[in-house]
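Visitor: Next one to model:
(chains A and B)
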Amino acid sequence: MKIATWNVNSLKVRLPHLLDWLDADQPDVVCLQELKMTDDTFPAAALAEAGYQSVFSGQKTYNGVAILSRTLAQDPVKDIPGFPDEQRRVLAATVADTRVICLYIPNGQSLESDKYQYKLRWLDALQAWLKAELAAHPRLAVLGDFNIAPEDRDVHDPAAWAGQVLCSEPERAHFRQMLAHGLKDAFRLFDQEEKSYSWWDYRQGGFRRNLGLRIDHILLSEALATRCRTCHIDKSPRKLERPSDHAPVVAVIDG
DNA sequence: ATGGCCTGCAACGCAGGA
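Guide: This is a model prediction of the structure:
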C-alpha cells in the first residue's frame, strides 16, 4: 500500500498537477490539505475518472481536507470529536483495514498571535483523540501538514528559526508527544539526505536555494511502521510551473 | 529592510499562509 500526503494550496489551481501525479505515482491513499473550496465544487468526477474515490471536508477560501482512495473510504469522521471548530482541518476514514487521519494543523502565525494559542489548544485536543484512535485502531496512519518542524535538522536555518512558530518548543513537544503515544515518523525510519524538506517559501527562490522546512509528515502505528518499506519526499511537482509550495510525502507499506 | 510570493475574495487591497 502506497500512502501519501500533499498540501496542494488550492485544489482548483493544482488539479492538473494532482492528476498528473496520481497517474505517474499510482498511490493507493492520498491525504490532501488546503483545498480552499466548498464541497459543492470538489472535483470528485475528475478524480473518479482517474480511478480515485473521495471523501472531503471543505469550506470557502481556507483550509479543507480530503482523502482519496481506490475504494471508497468508510466511516468518515470530520473534525476532532469534542472540539468544535469552524475550520475544516481534519478528516478520518478507513481504507481497507487501515484507519487514516488527514490533518491540516493550524499554522499559528507567530508566538504572539491568538492563532498560536488556537494552535496549542487544537494540538491538546488532537493528542487526546490520537491516543484513543491508537487504542481503537492498531493499523493507524496519521498524515498531513503538521506545521511543525520536529527538529533542527528539519529546518534550513535553525538559528534564524529558533523559537519561531513551526519550531517553538511547545510545538515540538507536541510532536514528541505523538511519538510517545507510539506513532513513528515514517520519514525517519530510513536514511535520508541531509537538508530534506517538504515546504519552501515562494519568495526569494526558496525552492531553488533549498531554503525549506520539513513540516509535512506521515506517522504510523507500530503495526504499520514495522511493515513500512520506504518513505520519501517527492520534490518533482514542486519543480513545475505554478506549483504548490508543499511537496508530497509518500510511504510504502507492505500488505 | 518585517517585504519579497501565491491564493481567494472581491475589490482596485486585504487576510492568510509558513
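Visitor: Tell me where chain A has helices.
Guide: A:11-25, A:44-49, A:114-136, A:158-161, A:169-180, A:222-225 (DSSP state H).
Visitor: mean confidence for the fifth one?
Guide: When pLDDT is averaged over helix A:169-180, the result is 98.
Visitor: Show me which residues of it are buried.
Guide: A:171-172, A:174-175, A:177-178 (16 or more other CB atoms under 10 Å). No exception for glycine: its C-beta is placed from N, CA and C like everyone else's.
Visitor: ok, back up a step: now, of the helices of chain A, which is deepest in the fold?
Guide: helix A:222-225 (a mean of 19; mean count of other CB atoms under 10 Å).
Visitor: Can you measure across stretch A:2-19, start residue to end residue?
Guide: 16 Å (CA to CA, to the nearest Å).
Visitor: is any part of that stretch close to DNA strand B?
Guide: Yes. Stretch A:2-19 is in contact with DNA strand B by CB under 7 Å from any atom of the strand, via A:7, A:9-10, A:12-13.
Visitor: Any stretches of the stretch 101-250 of chain A with poor pLDDT?
Guide: For the stretch 101-250 of chain A, no stretch has pLDDT under 70.
Visitor: Okay, strands next: where are they in it?
Guide: A:140-145, A:184-185, A:199-200, A:212-213, A:216-220, A:228-233, A:249-253 (DSSP state E, counting those that start in this stretch).
Visitor: Chain neighbours aside, what residue packs nearest to the residue in the stretch 51-200 of chain A that DNA strand B sits nearest to?
Guide: The minimum distance from the stretch 51-200 of chain A to DNA strand B, using CB to the nearest atom of the strand, falls at A:Asn107 (3.6 Å). Ranked by CB to CB, 6 or more residues apart in numbering and with sequence neighbours excluded, the top spatial neighbour of A:Asn107 is A:Asn147, at 5.0 Å.
Visitor: list the contacts for that neighbour?
Guide: A:105-108, A:119, A:166, A:171, A:215 (CB atoms under 8 Å, 6 or more residues apart in numbering).
Visitor: Could you rerun that using 10 Å?
Guide: A:7, A:33, A:103-108, A:119, A:123, A:165-166, A:171, A:199, A:213, A:215-216 (CB atoms under 10 Å, 6 or more residues apart in numbering).
Visitor: For the buried residues of helix A:169-180, give me JSON lines that also has distance to A:Ile80.
Guide: Shown next, in JSON lines, are the buried residues of helix A:169-180 (distance: CB to CB, whole Å):
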{"residue": "A:Glu171", "distance to A:Ile80": "17"}
{"residue": "A:Arg172", "distance to A:Ile80": "21"}
{"residue": "A:His174", "distance to A:Ile80": "14"}
{"residue": "A:Phe175", "distance to A:Ile80": "17"}
{"residue": "A:Gln177", "distance to A:Ile80": "15"}
{"residue": "A:Met178", "distance to A:Ile80": "14"}
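Visitor: okay, the helices of chain A in TSV with distance to A:Arg88 next?
Guide: Output for the helices of chain A, formatted as TSV (distance: least, CB to CB, whole Å):
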stretch	distance to A:Arg88
helix A:11-25	13
helix A:44-49	16
helix A:114-136	13
helix A:158-161	28
helix A:169-180	21
helix A:222-225	26
